[in-house]
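Student: Can you look at this prediction? I've put the sequence above it.
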Amino acid sequence: MKHNNAHLESLEIGGCDSLTFIVKGQLPLSLKYLSVRNCEKLQYLLDDREDASTSSSSVTNKENINHLSTSLLENLNIYNCSSLTCLSTRGQLPDVKCLQICYCSNLKTLSSRGHLPATLENLVIRCCPKLDSIAERFCNNRSIERICIKRCANLRPIPEGLHSLSSLREIYIEDCPSLVFFPEGGLPDAIIRVSISRYKSFPSNLTSLSIEDPDIFTSLIAWGLHKLTSLRELNVIGCPDAISFLQEEMGMLLPTSLIKLTIARFPKLEYLSSRGFQNLFSLEFLWIRDCPWLTSFPEVGLPCSLLQLYADGCPLLKKHCKKDKGKEWSKISNIPCIEVEHKFIYDIEGEE
């Protein structure tokens, strides 16, 4: 394959039931994109053992096993390979920029050496229930910009050194119930967006956080959200039973550092509690979406720092926000920019 396809840049292998491994050194050096899908007997993606070429179920015959480290491969995608347990028999992963692995039910580890490629920029892992580790630590991985891990039930530790990923901008963790803590050092300062569900603890230096969880208020207490003193943006999405935000009986406060707050998909929400907003001295942007029963803002009004208020999918709130007429007008009249149901507040004035 290597010599007969010297200019091959993209290779897709799909539905090859006899394939158990690919000999590492035999992929063309020109290859930039490799996709392996629905190969149910594939055990190792890259078999770099010296005797690997003796198997008739490999892609090619034996040659120098070290060539891939100098190849042009940038993107590696693996999808629905149920027998895959490890990417490389000796633990050396190819120097790719993008690594995506989905629906590999028996995958336990990416690399036996415990390291990811230094070239890696984007890591996506979904639906690998037996995966227990992606690496021992982030070592020389300063190029990573995005990490997305979803539905990996057995994944326990996030590798040490997460805080050293100076290029990391986004991290998404969803439905990984065995993950219970972030490594020491927390997240890098430059991170822009964090989205985490079913997680029990957060690093104190978070600046942006999205939480989607049916038991959101119970989780908020457990996480100690008010202790995230660097948090600037918070998105709280999906709470089917909450009548107020935040619930008075919980005695819960939001971080005083918040600048932007989004509240979305609260189907029974009726009002915003005064206690929940009383210390938000820096809040400038408030977005409220899909709260059909919401009728009132905090009794003491919204923070004086608020510059923009947007409400969408809140039909009962609309009539209460009419200028000089609505019962909530006095609480929001000092906000420079108000938009309700896609209309600026002054355009609602003449509507009945």
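Tutor: Ah, there it is. Numbers count the residues shown, from 1 in each chain.
Student: gap between the two ends of stretch 187-206?
Tutor: Stretch 187-206 has an end-to-end distance of 7 Å (Cα to Cα, to the nearest Å).
Student: Give me the below-cutoff pLDDT ranges for the stretch 101-250 of the chain.
Tutor: Low-confidence segments of the stretch 101-250 of the chain (pLDDT under 70): 180-185, 189-194, 196-204, 213-224, 247-250.
Student: can you give me the helices in it?
Tutor: Counting by DSSP state H, counting those that start in this stretch, the stretch 101-250 of the chain has these helices, from start to end: 216-223.
Student: Let's verify residue 29: helix, strand, or coil?
Tutor: Secondary structure, DSSP: H, G, I helix; E, B strand; the rest coil: residue 29 is coil.
Student: isn't it right next to residue 72, touching?
Tutor: Yes - counting by Cβ atoms under 8 Å, residue 29 touches residue 72, with 6.7 Å between them. C-betas here are computed from N, CA, C, even on glycine.
Student: and the two? which has more neighbours close in?
Tutor: Neighbour comparison, residue 29 and residue 72: the larger count goes to residue 29, with 16 against 12 (by other Cβ atoms under 10 Å).
Student: What residues of stretch 311-331 count as buried?
Tutor: For stretch 311-331, burial by neighbour count (16 or more other Cβ atoms under 10 Å) applies to 311, 312, 314, 317, 318, 319, 320, 321, 322, 326, 328, 331.
Student: Which pair of those spans the longest distance?
Tutor: Farthest pair in these (Cβ to Cβ) is 312 and 331. Separation: 18.6 Å.
Student: count of neighbours near residue 131?
Tutor: Counted with other Cβ under 10 Å, the neighbours of residue 131 add up to 23.
Student: what do you get for the one 3 residues further on?
Tutor: Residues within reach of residue 134, counting by other Cβ under 10 Å, total 23.
Student: returning to what we had before: can you tell me which of the buried residues of stretch 311-331 are in helices?
Tutor: 317, 318, 319, 320, 331 (DSSP state H).
Student: Can you lay out those as TSV showing pLDDT and distance to residue 279?
Tutor: Below are those laid out as TSV (pLDDT from 0 to 100; distance: Cβ to Cβ, whole Å):
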residue	pLDDT	distance to residue 279
317	87	23
318	83	28
319	81	30
320	86	25
331	90	17
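Student: any chance of the residues you listed in a markdown table, with distance to residue 257 too?
Tutor: Shown next, in a markdown table, are those (distance: Cβ to Cβ, whole Å):
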| residue | distance to residue 257 |
| --- | --- |
| 317 | 27 |
| 318 | 31 |
| 319 | 34 |
| 320 | 30 |
| 331 | 23 |
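Student: How many neighbouring residues does the closest residue to residue 135 other than its chain neighbours have?
Tutor: Leaving aside its chain neighbours, residue 135 sits nearest to residue 159 (4.5 Å; criterion: Cβ to Cβ, 6 or more residues apart in numbering). Neighbourhood size, residue 159 [other Cβ under 10 Å]: 18.
Student: Distance-wise, check residue 77 relative to residue 265.
Tutor: Going from residue 77 to residue 265 by Cβ to Cβ, to the nearest Å gives 32 Å.
Student: And the strands in the stretch 251-352 of the chain, which stretches?
Tutor: In the stretch 251-352 of the chain, the strands defined using DSSP state E, counting those that start in this stretch lie at 260-264, 271-272, 285-289, 308-312, 337-340, 343-344.
Student: Distance from the chain centre to the second one, please.
Tutor: Meaning strand 271-272. Here the centre of strand 271-272 is set off from its chain's centre by 29 Å, with Cα atoms, centre = their mean, to the nearest Å.
Student: Same check on the third one?
Tutor: Relative to its parent chain, strand 285-289 has a centroid offset of 21 Å by Cα atoms, centre = their mean.
Student: residues contacting the residue nearest to residue 74 when sequence neighbours are not counted?
Tutor: Closest residue to residue 74 apart from its sequence neighbours, by Cβ to Cβ, 6+ apart: residue 97 at 4.6 Å. Residue 97 sits next to 74, 75, 119, 120, 121, 122, 143 when contact means Cβ atoms under 8 Å, 6 or more residues apart in numbering.
Student: Any chance of CSV for those, columns distance to residue 175 and neighbour count?
Tutor: Formatted as CSV, these follow (distance: Cβ to Cβ, whole Å; neighbours: other Cβ atoms under 10 Å):
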residue, distance to residue 175, neighbour count
74, 29, 17
75, 25, 16
119, 28, 18
120, 23, 24
121, 24, 17
122, 20, 17
143, 27, 16
